[in-house]
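*Asks:* 3D model of this:
(chains A, B and C)
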Amino acid sequence: MERPRHQGMAKNTYMRWRLPLVCLLWEAAMIVLFGVFVRFGAEADAHWEEEKQEMNLTSDIENDFYFRYPSFQDVHVMIFVGFGFLMTFLKRYGFGAVGFNFLLAAFGIQWALLMQGWFHSFKNGKILIGVENLINADFCVGSVCIAFGAILGKTSPIQLLVMTLFQVTLFSVNEYILLNLLHVKDAGGSMTIHTFGAYFGLTVTRILYRPNLEQSKDKQGSVYHSDLFAMIGTLYLWMYWPSFNSAISDHGDAQHRSAINTYCSLAACVLTTMAFSSMLQKKGKLDMVHIQNATLAGGVAVGTSAEMMLTPYGSLIVGSISGIVSTVGYVYFTPFLESRLHIQDTCGIHNLHAMPGLIGGIVGAITAAAATEDVYGKEGFIKAFDFTGVYQTRTPSIQGGFQAAGIMVSLLMALAGGAIVGGILKLPIWGDAASENCFEDDVYWEVPEDEESDVYHMHNPDKPASP
Amino acid sequence: MERPRHQGMAKNTYMRWRLPLVCLLWEAAMIVLFGVFVRFGAEADAHWEEEKQEMNLTSDIENDFYFRYPSFQDVHVMIFVGFGFLMTFLKRYGFGAVGFNFLLAAFGIQWALLMQGWFHSFKNGKILIGVENLINADFCVGSVCIAFGAILGKTSPIQLLVMTLFQVTLFSVNEYILLNLLHVKDAGGSMTIHTFGAYFGLTVTRILYRPNLEQSKDKQGSVYHSDLFAMIGTLYLWMYWPSFNSAISDHGDAQHRSAINTYCSLAACVLTTMAFSSMLQKKGKLDMVHIQNATLAGGVAVGTSAEMMLTPYGSLIVGSISGIVSTVGYVYFTPFLESRLHIQDTCGIHNLHAMPGLIGGIVGAITAAAATEDVYGKEGFIKAFDFTGVYQTRTPSIQGGFQAAGIMVSLLMALAGGAIVGGILKLPIWGDAASENCFEDDVYWEVPEDEESDVYHMHNPDKPASP
Amino acid sequence: MERPRHQGMAKNTYMRWRLPLVCLLWEAAMIVLFGVFVRFGAEADAHWEEEKQEMNLTSDIENDFYFRYPSFQDVHVMIFVGFGFLMTFLKRYGFGAVGFNFLLAAFGIQWALLMQGWFHSFKNGKILIGVENLINADFCVGSVCIAFGAILGKTSPIQLLVMTLFQVTLFSVNEYILLNLLHVKDAGGSMTIHTFGAYFGLTVTRILYRPNLEQSKDKQGSVYHSDLFAMIGTLYLWMYWPSFNSAISDHGDAQHRSAINTYCSLAACVLTTMAFSSMLQKKGKLDMVHIQNATLAGGVAVGTSAEMMLTPYGSLIVGSISGIVSTVGYVYFTPFLESRLHIQDTCGIHNLHAMPGLIGGIVGAITAAAATEDVYGKEGFIKAFDFTGVYQTRTPSIQGGFQAAGIMVSLLMALAGGAIVGGILKLPIWGDAASENCFEDDVYWEVPEDEESDVYHMHNPDKPASP
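*Replies:* Numbering: from 1, shown residues only, chains lettered A, B, ... in the order given. The predicted structure is shown next:
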């Protein structure tokens, strides 16, 4: 069977030379830059035996690898299986969801190792990497995966790579401002990952607004099996979120506490999501869109505060609220954003990442401002907020103020950056599909000829798109 | 397309106010109770720096977090993905399987943190929690997931929440009797989790007996893809079971040994399951029901003894036997239970959890009774069975007797508790579906209108169910 | 509905007595051999308390369990979910892919514990096992899973068990020659696992050549959903490969370094795979076969060198090259191998394991030959290559020569062993299916009667197979 060609009159989706060129040139650039800059950190270098004595460590088990590697692997699963499968809910975009997520994340982690390395691990002209750098690279790419959720189904793989290049860069700048200049705490990334990633993606999708997107409306929904595939993504994100929020916290009690707070917040979030999903539907039935997404808001919303003394009941409160906000968002805000603000948000990242991210930033600011030596202990207080060196005199309320400033900076960076990058992605050279061919794997993928092939109908490009 | 309404003549499955009310009120109760009772344990509290000195620990790596967190995450995956996807085998109940499991487990872990906390982690009026509490809460909920398997497809989400509330409570009481009063060892929960959970669930489903269940027989089977989804659940349970059985064992050799024993038992179990699956089928073909379930019996059956000196060959024997018993159960016992005892066991938990759980309890009692100082070493012997304080004079044979008593107590608690809770669930206020609408997601879920929609046919409630 | 019987004139696929007999007898043999030989190693034995003092360990955390268990679990997932689901891409062989992989791996790990135990962990007449043995058993079985990929869909479960028995045996001999006699480094198994496993499997499938395989060509492809199931396998292999390559490396920096190198190599591999997948297709579309497989070549290709000072940019180079070689292999070599050499390689293991395995061996030899005390440090140099005892005087270039010899030995063992085992599997007693019934679950599995049943058409065995 000969398929109709997809290159519409105005849209050339032919990737054969453009995509390989971008991939190969950029990978070559990575090799050169890694060759010049990236080396093993002390704990991964073969000189470790000697370093160990210098670092006064008595056992190999005190290598940072053993503190963080299990969490790293969990985070890794979240980025590739979690985000990848969460987005397979669309009936005919499973390949693109999981495959493009794979592509952009694989590129993004390399570029993030460099960008974050220059800011945070640069010594004597070299970037020295260890397991914590791998986690941070995954985190950085997480923010790109979030933004991808807003434009899912509407962009070419090249656009995604271009967006990744810029977003990773801006992420690293924003992260540097927050963590180093404002001395803000944000181990689980409510601000740096979620707020930044989500508003960046929402701005990009606003710029890329497609007035005729209803032409592919028949493909914007799920089918029974695709909803189950998406639940794989949901559950892995949900289960491993305690690792996400604790992965780069201080050794010992901070990692321990982050995991507990996140566990509690997520558990509460499931209940309020289910409650509101049923309540907001006329027939009282549960909606898989909410279960797949809003149940995760509890992890986002304690991203900043999980390593603080938020306490388990504080986590339950935050998780409960974020589940409600997120579910309400899916029912009311997403349609509003699309119809009034022309923000077409395929996965509803506004509900899963943007609003809960803001909540997370605010909760973090409050929790920091409310910290006392009594609750943290004298040593614990200094360690938790790193009130050493030039920050020795910072008080909790000042810290709370800086945390709040961090939210604003992340927001501004996201809106400004998203506008610029959206503008770049709007150039007619990247090979995105016509609106009637959105949400359709057949544009960029070899799709097997199977019994389900009659599900989708490619529009004839020879006919005008609008009636 | 307008779907027929599902509220049969006698059955009102409308969830809109009931489900949200239960979820929100109970979550509010959790917040209050957590606020009053739950605090961080010493190893998760910011005072850890000071505690560390008191506990005489030289490094952050000796925080219990690093001993148990990887196992915790594996157990977490078993509860949510393992049990959730294992139950997606039904052709039209995938949303309910994975979604309701998500709901009940998310509520259950919160309530379990409280119940188990009052019994085991209560100090100066506060429940002090750490990673071990999270594991135990997951374990407790595991027993609810097991019971869910028996009533899968036949109950409303509210019934499941009510069952969870009571079962977690009874689980905690039973666990307290076994571990504290009888001083029984049961780290992998053959008795506390599997025997208790399975007989509880079987009793509940007996009380909820539906004489007309054959009306939904066309939906009780699997389809090709749903069997593959279920295998995701199976494999994650199988692979991570060594973590399940070792997660709360003593640090060091006990955790190490538990993992090895469980690994061996499960490997053997696969072979005998395959053998009997083929042997008991006329055409000699393998049955996915057996592969999905009976292969796991080996993990259940070493739940008590894995941390003891069961030895690898002992594990192979136990695993081999349990695979046979479980597979035979699916072929002969399940139909018998349904036709003669009116026990409708959707997932066959009698074969996967009840019988192997009993085997596990018995093997544990024998292994304990056979313990000698020669095999365990002087110190190891005392440590393995915690023969200290008032238990200083216990002999292995007495311990074996108490282990056996633990089986009986678990059984009785399950039967009595299941009868009471089954009676409560029988009240006509919880919104369960009519028998002709069982095993059907459309009752409680928004189901996408897709190409497969013709697979299932909702019975018209206006027509009498039987011809 | 009565299905036609599948036993063609010449082919009896009836498994009822043969499969159970093999499974049960072999499991019984395992029990006896484990009973005679296998005991807990010091770190898993209840005597640990005393051993700890002898081994001069100050804390339970220094038990090898805590260094390796998280990696073990990741490897375990790769073997059972990774390989199992990777092979579910065929439209009607999902049960066989995941189920037979489960069966052969469950048997294989038991036999591998014995075989590898005799060679490596034999003390005073006993095999003493710990977590490292479990990892090595999984590794050994990994090579069988690889070979399974070549013959997927064309063999009976008994043939797979017979192949496993022999392949595990030969693997252990080959491994012993490499690691002990040649003193070669190969922690991630480029040579022992991938090169050996792949060429073994390719030789077996050559011997089992089926001239009429095009009769089942309609079932050799994928369908939309089966490609998504396969991506689960791909991603778990990809994400956990850093654990695979680091699982049995030396404690500390070596494990840390292996993970980083593998992470980098795999990231680069994704980009070059995507590039060549698009470039080699006329319409420039991406092919799921490449994404599912070639993206993993980067993990294979650093299997030997990951624990050495390959450096991150070296890893990027190796990963980039292996992605290209693998993708090109799928497009050009696989059809060539089939048409010219009569090698029918269902999963394309030649591209995913054979060629990248050879690359891995070569890169390892070069990296070893290029090692200097300057790069590794004096102590690190000795530790990395274990230049102690009789190997005290080995130089890097000599080590490089031995590494290269290891490749040749693995190749020869694979070809010779594969030829012999292929010959054994060719005997007409194992119950393999006729060529027109290949790639069809219905031969060995109870397949649910579902809406998709019209997808596959069993050939009438009463009609002659060839026209």
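*Asks:* these two touch, right, A:Phe439 and A:Ser216?
*Replies:* Yes: if you go by CB atoms under 8 Å, A:Phe439 and A:Ser216 touch, sitting 5.2 Å apart. Heads up, the C-betas are built off the backbone N, CA and C, glycines and all.
*Asks:* list residues touching both of those two?
*Replies:* By CB atoms under 8 Å, 6 or more residues apart in numbering or on different chains, A:Phe439 and A:Ser216 have these common neighbours: A:Gly153.
*Asks:* Residue of chain A closest to chain C, please.
*Replies:* Residue nearest to chain C within chain A: A:Arg16 (2.8 Å; CB to the nearest CB).
*Asks:* Tell me how far the helix or strand containing A:Ala137 lies from the chain's centre.
*Replies:* Secondary structure from DSSP states H and E places A:Ala137 in helix A:131-151. Relative to the chain's own centre, helix A:131-151 is displaced by 5 Å; criterion: CA atoms, centre = their mean, to the nearest Å.
*Asks:* same check, this time on stretch A:243-253
*Replies:* Offset of stretch A:243-253 from its chain centre (CA atoms, centre = their mean): 18 Å.
*Asks:* which ones are touching the residue of chain A closest to chain C?
*Replies:* Neighbour list for A:Arg16: C:278-279, C:281-284 [criterion: CB under 8 Å, 6+ apart].
*Asks:* and A:Met274, how many residues sit next to it?
*Replies:* For A:Met274, the neighbour count with other CB atoms under 10 Å in any protein chain shown is 32.
*Asks:* Oops, could you answer that again for A:Thr395 instead?
*Replies:* When counting by other CB under 10 Å, one arrives at 12 neighbours for A:Thr395.
*Asks:* Quick check, pLDDT for it.
*Replies:* Looking at A:Thr395, its pLDDT stands at 95.
*Asks:* just the one 5 residues further on next, same as before
*Replies:* Per-residue pLDDT puts A:Gly400 at 97.
*Asks:* Pretty sure it sits against A:Ala365.
*Replies:* Yes: when contacts are counted by CB under 8 Å, A:Gly400 is listed as touching A:Ala365 (4.7 Å).
*Asks:* Tell me which of those two has more neighbours.
*Replies:* Neighbours per residue (other CB under 10 Å) separate A:Gly400 from A:Ala365, with A:Ala365 holding more: 24 against 19.
*Asks:* Which helix or which strand is home to the more buried one?
*Replies:* For A:Ala365, the host element (DSSP H and E) is helix A:355-369.
*Asks:* Quick one: mean pLDDT for that helix?
*Replies:* On average, helix A:355-369 scores 98.
*Asks:* Which part of the stretch 51-200 of chain A gets nearest to chain B, residue-wise?
*Replies:* Taking CB to the nearest CB as the measure, the stretch 51-200 of chain A has A:Pro70 as its residue closest to chain B, at 4.3 Å.
*Asks:* close to chain B, is the helix holding A:Ala137?
*Replies:* No: Helix A:131-151 is not in contact with chain B by CB under 8 Å from any CB of the partner chain; minimum separation 14.0 Å.
*Asks:* If you count neighbours, what's buried in the next helix or strand after that helix?
*Replies:* For helix A:131-151, the following helix or strand on the C-terminal side (DSSP H and E) is helix A:157-176. By neighbour count on 16 or more other CB atoms under 10 Å in any protein chain shown, the buried set for helix A:157-176 is A:157-172, A:174-176.
*Asks:* Stretch A:379-390 now?
*Replies:* In stretch A:379-390, the ones that count as buried by 16+ other CB under 10 Å are A:379-385, A:387.
*Asks:* That one: end-to-end distance?
*Replies:* Using CA to CA, to the nearest Å, one end of stretch A:379-390 lies 17 Å from the other.
*Asks:* How about stretch A:320-337?
*Replies:* End-to-end distance of stretch A:320-337: 24 Å, with CA to CA as the criterion.
*Asks:* Pull the residues that contact that stretch.
*Replies:* Residues contacting stretch A:320-337 (CB under 8 Å, 6+ apart): A:202, A:265, A:268-273, A:275-277, A:280, A:287, A:289-290, A:293-295, A:297-298, A:300-301, A:343, A:345, A:348, A:350-352, A:355-356, A:359, B:27, B:31.
*Asks:* Could you rerun that using 7 Å?
*Replies:* Contact with stretch A:320-337 is made by A:268-269, A:272-273, A:276-277, A:280, A:289-290, A:293-295, A:297-298, A:300-301, A:343, A:345, A:348, A:350-352, A:355-356, A:359, B:27, B:31, as judged by CB atoms under 7 Å, 6 or more residues apart in numbering or on different chains.
*Asks:* filter the residues you listed down to the ones near chain C?
*Replies:* Restricting those to those within reach of chain C (CB under 7 Å from any CB of the partner chain) leaves nothing.
*Asks:* Report the buried residues of whichever helix in chain A runs longest.
*Replies:* Assignment by DSSP state H gives helix A:396-425 as the longest helix of chain A. Going by neighbour count (16+ other CB under 10 Å), the buried part of helix A:396-425 is A:396, A:399-407, A:409-411, A:413-415, A:417-418, A:421-422, A:424-425.
*Asks:* from the contacts of A:Arg16, which are also near chain B?
*Replies:* Answer for those near chain B: none qualify (CB under 7 Å from any CB).
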